[in-house]
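S.K.: starting from these lines, generate the structure:
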Amino acid sequence: MDNKAKESQNQFQFDDYAKDPVRLGPYTSHIWKSDPRHLGFLLARYKFCAKMLQGKNKVLEIGCGDAFGTPVVAQVVGSVHGVDWEPLLLADNAKRLKHFKNCTFSLLDVTKDPTKEKFDASFCLDVIEHIKPELEKAFITNICKSLKADGICIIGTPNVTASQYATQASKEGHINLKSHEQLRVILSKYFNNGFLFSMNDEVIHTGYYPMAQYLFAMGVGVLNKK
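M.R.: Now for the predicted structure:
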């Protein structure tokens, strides 16, 4: 079979694909097979973080998973360092995302320890709902310890009011779902300023929180708790 594209301007894409095809990670591969439209929602969450954090130098992603969307943020910041408590992910992440020179990864359980260095901003998507309630204080405290004093923290999580529509697997894993009121309390305890956003499918807005499928809480400026 002729390996030449009919349109010559597309040839480099076929050549690149033959040389080094892109693989999805284990989590994202499962989503692609079981609910592909969900990938659109997932990428929209990363795009929101990218828009909010554009221009920041050092950004921390907490609970990066297979880092499918991490390059969306890395595209507009100096660097993104992803941490996760699942060791099976990290070597694979580094290999799959080797093209993105400003993405790095390491093993860390943020319910136990903060990072050793300070970051300008952090974000965690679909993480806090998996944290045991008794570990939540340590989780948020260690995020704050990982940030500079003027740092930004973005937390994205499914809305507890939408849990009735969740799959059985989600219900089993989501042991710490939040409402907008609860997220506002977290922001007030740990940050100088707090902002809440609603999300339905891939659309971010400032509409009525209880009708949102997903919520974003953004804290700016870590409170000094000396």
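
S.K.: max-length helix in this structure?
M.R.: helix 38-53 (DSSP state H).

S.K.: helices or strands next to the helix or strand following that helix in the packing?
M.R.: Note on helix 38-53: by DSSP states H and E, the next helix or strand toward the C-terminus is strand 58-62. When contacts are defined as 3 or more C-beta pairs under 8 Å, 6 or more residues apart in numbering; DSSP states H and E, strand 58-62 sits against helix 70-74, strand 79-84, strand 119-125. (Glycine included, C-beta is placed from N, CA and C.)

S.K.: turn the ones you listed into a markdown table, including mean pLDDT.
M.R.: Shown next, in a markdown table, are the helices and strands packed on strand 58-62 (pLDDT from 0 to 100):
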| stretch | mean pLDDT |
| --- | --- |
| helix 70-74 | 97 |
| strand 79-84 | 98 |
| strand 119-125 | 98 |
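
S.K.: output those as a markdown table; include the columns mean neighbour count and distance to residue 93.
M.R.: Listed next are the helices and strands packed on strand 58-62 as a markdown table, based on neighbours: other C-beta atoms under 10 Å; distance: least, C-beta to C-beta, whole Å:
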| stretch | mean neighbour count | distance to residue 93 |
| --- | --- | --- |
| helix 70-74 | 22 | 8 |
| strand 79-84 | 24 | 7 |
| strand 119-125 | 24 | 15 |
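
S.K.: quick one: which of these is nearest residue 151?
M.R.: Taking C-beta to C-beta, strand 119-125 is the member of the helices and strands packed on strand 58-62 nearest to residue 151, at 5.8 Å.

S.K.: excluding its backbone neighbours, what's nearest residue 14?
M.R.: Closest residue to residue 14 apart from its sequence neighbours, by C-beta to C-beta, 6 or more residues apart in numbering: residue 5 at 5.4 Å.

S.K.: same deal with residue 152?
M.R.: Nearest to residue 152 is residue 121, by C-beta to C-beta, 6+ apart, at 4.1 Å.
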